[in-house]
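Chemist: what follows is a predicted structure for the sequence shown.
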Amino acid sequence: MPLQDVGYRAWNNERCGPSSTIWVIAWTGIRLAWESRWLRRMVFFAWSPALLFAASFFAFEQAVDEGRLASLGTAAQRGRNLDGIGMLGTVLADALGGNTDEVDVETTRHLVWSRLLLAFMRAPQAMLLAAVVGLVAPTLISRDLRAKAWLIYFTRPVGRTEYILGKFFILLLLVLVITMLPALALWLTGVLVSPSVSVAFETWDLPIRIVTASFILAVPTVLLALAYSSLTTESRIASFAWFATWVACWIAHGALTTADLVASTQDGGVYSMEGTQEEEASRSPKAKVSPIRRNFRWFARAAGIDATLDRWAWVSPYHALGAVQAAIFGIDTSPRSWWPSSMTLLVMSAGSLCILAWRITAPASS
Amino acid sequence: MTTSDVTIPVRLTNIVKRYGRRTVLDGVSIDVTPGVTGLVGPNGAGKSTLVRSILGLVRLASGQARVFGNDPYRKPRRVRQIVGVVPEDECTIPGLSGVEMVRYAARLSGLPGTEALRRSHEVLDWCDAGQERYRPVETLSVGTRQKVSFAAAIVHDPDMVILDEPTNGLDPIERRAMLGRLTTLAKDHGKTIFVSTHVLPDVQAICDRVIVLAQGRVQLAGTIETLTKPPQPEHHLAGSGPLEQLATKLSERGLPARVEANETESIISLVSPKPENIRDVWSAAAEVGVSIRSLAPATRPLEKIFIDTLRRSEQHHDQHNTTQGDR
């Protein structure tokens, strides 16, 4: 018998409410997930793109500080690599739209920062999100189903809502750590390397946009991943379904967009990348594409920072997220571009919620 | 809600549960009273479904369930706060240690953080879990896992504990200790214990009441004392020597007796003698040369009662099916 054994004693103190249950489930889930070496590596790696983008912020603010924004704009129009990764040139050229004579610093800064932040959240972070969620989410519910651990929850004062929210917050927190936090850190870096702290007031809306965009990115994806996890007791099947969805939808989007590109090239439309000199000249300045920018075009398109209308974005969750985020950052606010995509995300979220509600009751009532 | 609803821990009234076309619980009505109640039945009798219906985990086709006066379907949170469950299945969360598992259960039941940890250690000490509590649950032996599961069920100090096969995988010493803990909880702490098991000696050892469930119906329910009492008060006499002669002699003296052979030896069953006739038994034994080892009030073994009940229920079921077929 242990020395400290005091026998069985009654416990009549006050109990915590359901909200604490959500945090208990979430926190324990994060702790267990964090034990995976791969996850730790991936989260660490997820912050590294922020360093590259910080270089873009630094290069831009340096130019502003030295009063050579106009010349930087001209260089960008000529397709010069301004920050080592080619991002700033693409973004600045798009932001200035060919007009480098009268550059308004505040407006340009806001545009450039918005585009840089969007590009950051789209290209590296959204892809890393898919990887991190694909690593953690499949086991979250499927393992409970396989190990019959649902009995641990549902024989205690835990409701379906708390269970789902608890699991949801595990992923949400991880996703926000790799999307929202580095993006906010980038904004802060921009403020710190800018000539004046007043830049923080000029760009006060960007942190709000970052938070909104992060939640738009996280909520549908997390719900979809949880829905897949709840549909099987084999986490690898959920994992496969998760990655297959991204890849298949990406391919579908790529095929449809390519078909559009081919069709518009034949018609000499705005999507043409290989037009004649006359065609190039006849286009609006915004649509003119320098040879180096052309090289980054695929990236710009993938990153969702291309100003051209992507009418098939709603087909792929990745591109749909991009279209809605572009609207949130004020880059492409035309309803034609974000409305179908937001519908896709809404349907995806609602469908996932329905699956979760159906599956989480299922083990108890079967 | 009546007073009796609140004082009776569990009252199930005419509950019916169907899985597709199969009726698993067919009009089950039981009262689980304070103390230790055993639920016994063959495999597939509906024991686990009955336990789940008490917790509101299965949707009933009809009937009513009340746990301390609360409807588990309308107030599941309240019911699960006052009930602790040791499920039959090994449900664990891989990666957590034994103590973390109990703490997690405590936190899910609403205990604050530090208090949950303190209380987890306290109940694990009481369950004699030792240092194994720090090992991941998936690496624990079946017996230790059972202790952890039990500790997780009682960590929030529930008014009622439901156990599904609590002695599964326990060695004889651990089994006895577990039964002792259940008795302590019931007798010293006023908890209601509801044990679903196949192990009849466990039931006989600790239960005040027993419910036999078969074919989805309650076949038998009552206190152990009542059920194991023979229809007529009898005594069993065990001894060595010519038992047949002694039985004849006792019958001649107005004490109807017969020789019965049980598993290990022959004994004499006789109608319980009045205190003044006890001397006659001893003198008759001395006359025929039987040395008496014991003379005690007879009880019917629970196992025999269980098997007889099952046999009767099967016959009834077959008859019912035949009648249905004829129609």
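Modeler: All right, it came through fine.
Chemist: for the stretch 1-150 of chain B, what lies in contact range of chain A?
Modeler: B:19, B:52, B:55, B:57-59, B:76-78, B:80-81, B:83, B:85, B:87, B:89-96, B:104-105, B:107-112, B:115, B:119, B:121-123, B:125-126, B:128, B:130 (C-beta under 8 Å from any C-beta of the partner chain). In this view, the C-beta of every residue, glycine as well, is placed from N, C-alpha and C.
Chemist: ok, residue B:276 - how many residues close by?
Modeler: The criterion is other C-beta atoms under 10 Å in any protein chain shown. On that basis, residue B:276 has 7 neighbouring residues.
Chemist: what ranges in the stretch 101-250 of chain A fall below the confidence cut-off?
Modeler: Counting by pLDDT under 70, the stretch 101-250 of chain A has low-confidence residues at A:101-103.
Chemist: go again using 90 as the cut-off
Modeler: Under the criterion pLDDT under 90, the flagged ranges of the stretch 101-250 of chain A are A:101-116, A:118-129, A:143-152, A:154-155, A:157-160, A:193-203, A:233, A:250.
Chemist: where do the helices sit along it?
Modeler: Under the criterion DSSP state H, counting those that start in this stretch, the stretch 101-250 of chain A carries helices at the ranges A:105-120, A:126-146, A:150-154, A:160-178, A:180-193, A:199-202, A:205-230, A:235-267.
Chemist: which stretch among the ones you listed comes nearest chain B?
Modeler: Relative to chain B, the nearest member of the helices of the stretch 101-250 of chain A by C-beta to the nearest C-beta is helix A:150-154, separated by 4.5 Å.
Chemist: just checking, what packs against that closest one?
Modeler: Using 3 or more C-beta pairs under 8 Å, 6 or more residues apart in numbering or on different chains; DSSP states H and E, the elements in contact with helix A:150-154 are helix A:335-365, helix B:98-108.
Chemist: which outside residues touch the longest helix along chain B?
Modeler: Counting residues, the longest helix in chain B under DSSP state H turns out to be helix B:302-326. With C-beta atoms under 8 Å, 6 or more residues apart in numbering or on different chains as the contact definition, helix B:302-326 has outside contacts at B:40, B:42, B:200-201, B:203-204, B:210, B:212, B:214-215, B:217, B:219-220, B:224, B:227-228.
Chemist: of those, buried ones?
Modeler: When burial is judged by neighbour count using 16 or more other C-beta atoms under 10 Å in any protein chain shown, the buried members of those are B:40, B:200, B:203-204, B:210, B:212, B:214-215, B:217, B:219-220, B:224, B:227-228.
Chemist: narrow these to those in helices?
Modeler: The subset of these located in helices under the criterion DSSP H comprises B:200, B:203-204, B:224, B:227-228.
Chemist: using a markdown table, please lay out those residues together with pLDDT and distance to residue A:65.
Modeler: Written out in a markdown table, the entries for those read as follows (pLDDT from 0 to 100; distance: C-beta to C-beta, whole Å):
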| residue | pLDDT | distance to residue A:65 |
| --- | --- | --- |
| B:200 | 85 | 87 |
| B:203 | 88 | 84 |
| B:204 | 85 | 89 |
| B:224 | 85 | 90 |
| B:227 | 82 | 93 |
| B:228 | 80 | 95 |
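Chemist: and the residue of the stretch 151-300 of chain B that's closest to chain A?
Modeler: In the stretch 151-300 of chain B, the residue found nearest to chain A is residue B:157; the distance is 4.0 Å by C-beta to the nearest C-beta.
Chemist: isn't there a helix covering that residue?
Modeler: No - secondary structure assignment (DSSP: H, G, I helix; E, B strand; the rest coil) places residue B:157 in coil, not in a helix.
Chemist: pretty sure it is touching residue A:13, no?
Modeler: No - with contact defined as C-beta atoms under 8 Å, residue B:157 does not count as touching residue A:13 (9.5 Å).
Chemist: these two: who's more crowded?
Modeler: Neighbour comparison, residue B:157 and residue A:13: the larger count goes to residue B:157, with 20 against 10 (by other C-beta under 10 Å).
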